[in-house]
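> Test case, fold it:
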Amino acid sequence: MNLWLRVLHLIVTSFFRPKIDPLRDVSRLSFRVWPHDLDTSLHMNNGRYWTLMDLGRADIMIRSGLWRPILKNGWVPVVSAGQIRFRREMRLFQPFHLETRILTWSEAHVVIEHRLTSRRRDGSRIVNAIALVRAGLYDRAAKTYVPMERLLDEIGLWAEPPETAPEVQAFLHAEETLKRAA
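A predicted model of the protein is given here:
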């Protein structure tokens, strides 16, 4: 992650923002497109979207209290798959929001949705990009992903995974197909 000032700002402000339930709440972060976010077409670089999404996931981990067991146990967040759909470009100095939420989970992975949104001149909302990410916490000592049941227990939650939406099923199927092809 190469956005150290944004990371530092996120960490400091996360401790002053309300705690969130990672299974039900949405992380909302506000940003602005800066010159170092641009590519040669003078709109936000496609790689920058992915980097900013790291911050949405970090916000959920910090504000849910999951950061404590992550540090205590030496677990490592790992993204194993991602798919993005760019819908509208974002230009220099444009303000935007990143919304991050957990859609569902399996034994050791979560599927997270990221939405980058902005506003039209009339104030109506625009979805600039939407992405799905499959991620988990890897336990290097055990050489395996941490089971969701244990993660939830660490932060005092219990829940059954929500029903998987068709687009999430398609995403997971595509990811499994690619994994077998490699």
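
> What lies in contact with the helix or strand hosting residue 51?
Taking DSSP states H and E as the definition, residue 51 sits inside helix 46-64. With contact meaning Cβ atoms under 8 Å, 6 or more residues apart in numbering, helix 46-64 is reached by 1-3, 6-7, 10-11, 14-15, 17-22, 27, 29, 31, 37, 39, 66-67, 70, 77, 82, 84, 86, 98-100, 102, 112, 114, 116, 129, 131, 133, 135, 155. Placement of C-beta: from N, CA and C, glycine included.

> which of the residues in it are buried?
Of the residues in helix 46-64, those buried by neighbour count under the rule 16 or more other Cβ atoms under 10 Å are 48-50, 52-64.

> Relative to residue 124, which of the residues you listed is nearest.
Checking the buried residues of helix 46-64 against residue 124 with Cβ to Cβ, the nearest one is residue 49 at 21.5 Å.

> In the sheet, which residues pair with residue 133? Tell me.
Legend: beta-bridge partners of residue 133 under DSSP bridges are residue 82, residue 112.

> coming back round to it: pick out whichever of the buried residues of helix 46-64 sits closest to residue 144.
Distances from residue 144 to the buried residues of helix 46-64, taken by Cβ to Cβ, are shortest for residue 61, at 19.2 Å.

> can you list contacts of the helix or strand bottoming out on mean pLDDT in the chain?
The least trusted helix or strand in the chain, going by mean pLDDT, DSSP states H and E, turns out to be helix 4-14, with a mean of 89. With contacts defined as Cβ under 8 Å, 6+ apart, helix 4-14 is touched by 1, 29, 31, 52, 55, 58, 59, 62, 63.

> Of these, which one scores lowest on pLDDT?
Looking at these, model confidence by pLDDT dips furthest at residue 1: 44.

> Name the residues of the least confident helix or strand of the chain that are buried.
Within helix 4-14, the residues that count as buried by 16+ other Cβ under 10 Å are 6, 10, 14.

> With distance to residue 166 as added columns, please give these in a markdown table.
As requested, these are arranged in a markdown table below (distance: Cβ to Cβ, whole Å):
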| residue | distance to residue 166 |
| --- | --- |
| 6 | 34 |
| 10 | 32 |
| 14 | 33 |
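
> quick one: the strands in the chain?
Taking DSSP state E as the criterion, the chain contains strands spanning 27-32, 75-86, 95-105, 110-119, 125-139, 144-145.

> Tell me which of the ones you listed is the most buried.
Compared across these, strand 110-119 shows the largest average neighbour count, a mean of 21 (mean count of other Cβ atoms under 10 Å).

> Thank you kindly, that will do.
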